[in-house]
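# Sequence and predicted structure, then a few things I'm wondering about:
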Amino acid sequence: MDNEPVLNYDLEAPTYDRTRGGDARAASAAEAVGSLLPPGVESLADLACGTGIVTARFPARRVVGVDLSPGMARIASGRLPGRVTVADVTRVPLADASVDAVVMIWLLHLLDETASAAALSEAARVLRPGGALITTVDKDAAYFATPCDTADLIVPVRARHPAPRSDAASRVAGLVAALNLEPAGETTFPGNGQGLSPRAWAASLLARRPAWTKAADAGTLTELCDRLRALPDQETPRPDPVYRLVRFTKTVNRTV
């Protein structure tokens, strides 16, 4: 969902996995990350690792998790014992050029422009030459990747009310290019169990949870929600979001 409000992740931690697609979503994300990891990756830093449910699925590699939330880090530590640190992704407690890969799943969209740029800079700093940065981009578009009746109604209205996006693919590509990181492939994966019903969409829009709704007038949102409520199968979730995952490689012949 567009630039969703930052949650209290300490409070959310105990139920986070269960309410975010659980093992099915984590397995899809891990499979996608694994498909983009280059051969020979032995060490991996997971920035904003959350509960560790994704990167714990790479047991053959040395995984280090970093998360700002002590509650999330506590749960991640159960999956990655001795390898999780509570820290800010804009000040990663790892040495320069110390890991083969950096993974950032559903992180950049939570940060403002300054913090997201700093997080990308830190990722480049800790990567070895030839290392891979793998990150989700354009999270706000994920719910509209598959055509359906709710998307048909929401997308045109959303397009008239654009919101700033720290994880916009073009912005991320421009920032990492200045950090000597080059595009090296991409893939997608589904957010299993996260599709929203028309009724759930209407509730979300009226609560102005998507960032773009804050620029829309009340009449526009009311009309849109009325049209959503007129759709059939009000309680039936529509297609799951489809997340975009991109990989950048740190050039060997230059330094950050």
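Cool, the structure landed. Residues are numbered from 1 along each chain as shown.
# For the residue positioned nearest the centre of the chain, give me its contacts.
Nearest to the mean C-alpha position of the chain, by CA atoms, centre = their mean, lies W106 at 1.4 Å. Going by CB atoms under 8 Å, 6 or more residues apart in numbering, W106 touches A48, T136, K139, Y243. C-beta here means a position set from N, CA and C on the backbone, and glycine is covered the same way.
# right, and the pair among these with maximum separation?
Put simply, by CB to CB the two of the contacts of W106 set farthest apart are A48 and Y243, 14.6 Å from each other.
# how about the nearest residue to R229 once chain neighbours are set aside, secondary structure?
Distances taken as CB to CB, 6 or more residues apart in numbering put A202 closest to R229, at 5.6 Å, once the chain neighbours are dropped. Following DSSP: H, G, I helix; E, B strand; the rest coil, the label given to A202 is helix.
# Kindly provide the distance from A202 to R160.
18 Å (CB to CB, to the nearest Å).
# more crowded one of these two?
A202 (22 against 10; other CB atoms under 10 Å).
# from memory the more buried one sits against C225, does it?
Yes: between A202 and C225 there is a contact at 4.1 Å, judged by CB atoms under 8 Å.
# my guess is R158 contacts W212, does it?
Yes: using CB under 8 Å, R158 makes contact with W212 at a distance of 5.2 Å.
# Just give me the neighbour total for T188.
Neighbour number of T188 under other CB under 10 Å is 14.
# Assumed it was part of a strand.
Yes: counting by three-state DSSP, T188 is found in a strand.
# Quick check: pLDDT value at it.
With respect to pLDDT, T188 scores 97.
# Return the distance of it relative to R165.
Distance from T188 to R165, by CB to CB: 18 Å.
# what's in contact with the worst-scoring helix or strand of the chain on mean pLDDT?
Least confident helix or strand, the chain: helix 9-19 with a mean of 75, by mean pLDDT, DSSP states H and E. Residues external to helix 9-19 that are found in contact with it (CB under 8 Å, 6+ apart): 23, 26, 50-51, 53, 67-72, 74-75.
# can you list the contacts of W106 in TSV and add distance to G219 and pLDDT?
Below are those laid out as TSV (distance: CB to CB, whole Å; pLDDT from 0 to 100):
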residue	distance to G219	pLDDT
A48	37	95
T136	34	97
K139	28	92
Y243	32	96
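# What about these, which are in strands?
T136, Y243 (DSSP state E).
# Narrow the contacts of helix 9-19 to just the buried residues.
Among the contacts of helix 9-19, those buried by neighbour count (16 or more other CB atoms under 10 Å) are A26, G50, T51, I53, D67, S69, G71, M72, R74, I75.
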